[in-house]
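> Let me see the structure of the following:
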Amino acid sequence: MTGFIRRSAILLAVTALFAAACGNGDEPAATTAAAPATTEAQEPSADVARGDMDDAPEPDADPFTIGLVTDTGKVDDKSFNQSAWEGAQQAAAALGVEARYIETEAAKDYENNINLFVEDDADVIITVGFGLADATIAAAQANPEIYFIGVDQFQGEVMPNLAGLIFPEDKSGFLAGALAGMLTETNKVGAVLGTDLVPPVVAFKEGWEHGARYTNPDVETISTYHPGGLDVAFGDPDWGATTARQALDQGADVIFGAGGTTGNGALIEIASQEGAYCVGVDTDQWNTVPEAQPCLVTSAMKLITPGVADLIEAAHGGSFPGGNFVGEVGLAPFHDFEGVVTDEMRATLASVLAGLNDGSIPTGYPPS
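Numbering: from 1, shown residues only. Here you go, the predicted model:
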């Protein structure tokens with residue numbers, strides 16, 4: 001059976017477009033409330049960093065527990081992993097249950113890290129990132145009594161205990177690129193990206209470039225993927241900074257950073273360049289990378305936190321949707337750049353949004 005979509009309509013929550021009119025510049029809230037305290041059943045291997053809390057109370061018989069396995073990188077990466085963990089924490093707080101995480105040090109540890117939570121009898125296991133897809137499918141097949149949530153993992157076969165939380169990154173990237181095309185004064189925009197081995201990264205890049213050309217046919221795009229594999233491509237802020245500097249030196253004055261801490265390094269470097277704009281990714285990075293605020297005009301968001309929380313609560317409530325579950329995307333507020341983004345630009349973005357929603361504006365992804 002082929003994968004199917006559990007949500008028929010995609011809501012692009014572009015809160016920034018109407019922030020001034022509404023008097024509210026905040027994105028949909030992503031809670032950071034801590035989950036109830038837990039104890040660990042066993043120590044992780046030397047390659048695994050494990051998150052837990054001390055002084056836990058005695059658990060009730062057979063408590064509902066949530067486990068999250070990050071992609072390579074830290075749980076507090078200020079982007080992708082962190083957004084998913086905040087979703088787990090949000091659901092845990094709402095349900096009054098347990099949540100724990102394991103930080104993956106290397107791709108070879110994916111299977112082992114998932115199995116640590118299987119052995120702990122977790123009820124829901126969230127795996128974060130395209131790279132964990134195969135290990136997640138194998139674990140779900142072997143453990144039909146456990147619910148699995150694969151963030152950025154498209155499901156080609158429907159399994160009742162596995163939901164792929166996926167996003168139309170091309171549409172979020174297109175909106176950000178459309179804004180960049182209107183903001184640039186040099187007619188050059190850039191992107192510093194994680195690896196092209198990950199389809200969502202490619203979707204962001206293609207949408208960004210096509211969006212910029214949609215509003216500015218004369219624009220030149222300078223986009224660079226990290227040359228490394230999954231182990232390093234999203235955790236290399238020095239490379240991100242160096243690559244952003246190269247794009248700035250080539251004349252780019254609006255640059256998209258999309259690649260975990262690699263992208264964060266790019267944003268921070270751009271912030272040192274007077275007159276340049278930067279665009280964050282996944283979450284509203286105004287809140288997570290304050291060093292980038294001097295240039296951060298918006299972020300191309302994937303609303304990972306509410307998507308993860310919704311699926312956990314569905315599992316707890318017995319209404320878990322196996323297959324593919326489409327999360328929401330959108331632009332973050334403009335914050336200190338509210339006065340830079342003109343009413344005309346906002347009207348254009350609103351028109352672009354309508355075209356993306358009704359399908360009359362193609363994003364260029366997948367490439368033909």
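
> averaged over its residues, what pLDDT does stretch 174-188 have?
Mean pLDDT, stretch 174-188: 98.

> so how far is that stretch from its chain's centroid?
Centre-to-centre, stretch 174-188 and its host chain are 21 Å apart (Cα atoms, centre = their mean, to the nearest Å).

> Equivalent analysis for stretch 220-238, please.
16 Å.

> same thing with stretch 310-319?
The answer for stretch 310-319 is 21 Å, by Cα atoms, centre = their mean.

> May I see the buried residues of it?
Buried residues in stretch 310-319, counting neighbours by 16 or more other Cβ atoms under 10 Å, are found at 310, 311, 312, 313, 314, 315, 316. Just so you know, the C-beta spots here come from the backbone N, C-alpha and C atoms, and that holds for glycine as well.

> Let me see the contact set for the last one.
Listed by Cβ atoms under 8 Å, 6 or more residues apart in numbering, the contact set of residue 316 reads 64, 91, 95, 97, 123, 124.

> hang on, residue 134 is in a helix, isn't it?
Yes. Under DSSP: H, G, I helix; E, B strand; the rest coil, residue 134 sits within a helix.

> From residue 112, how far off is it?
Note on residue 134: its distance to residue 112, by Cβ to Cβ, to the nearest Å, is 14 Å.

> Those two: which is more packed in?
residue 112 (16 against 12; other Cβ atoms under 10 Å).

> hey, where'd the helices end up in the stretch 151-300 of the chain?
Along the stretch 151-300 of the chain, counting by DSSP state H, counting those that start in this stretch, helices occupy 169-183, 199-215, 237-249, 260-270, 285-288.

> Give the other helices and strands that the last one contacts.
Helices and strands touching helix 285-288, as assessed by 3 or more Cβ pairs under 8 Å, 6 or more residues apart in numbering; DSSP states H and E, comprise strand 296-302.

> For the closest residue in space to residue 200 that isn't next to it in sequence, list the residues it contacts.
Here the nearest residue to residue 200 in space, its sequence neighbours aside, is residue 169; by Cβ to Cβ, 6 or more residues apart in numbering that works out to 4.7 Å. Listed by Cβ under 8 Å, 6+ apart, the contact set of residue 169 reads 200, 201, 203, 204, 207, 300, 302, 329.

> Ok, residue 337 next?
Residue 337 sits in contact with 277, 296, 297, 298, where contact means Cβ under 8 Å, 6+ apart.

> ditto for residue 275
Per Cβ under 8 Å, 6+ apart, neighbours of residue 275: residue 253.

> show me where pLDDT drops low in the protein?
1-61, 368 (pLDDT under 70).

> what about 80?
1-62, 73, 368 (pLDDT under 80).

> Strands of that one, start to end?
Per DSSP state E, the chain carries strands over the ranges 48-51, 65-72, 98-104, 124-128, 147-151, 162-166, 188-193, 220-225, 254-258, 277-282, 296-302, 323-326, 329-331.

> Nice, that's everything, thank you.
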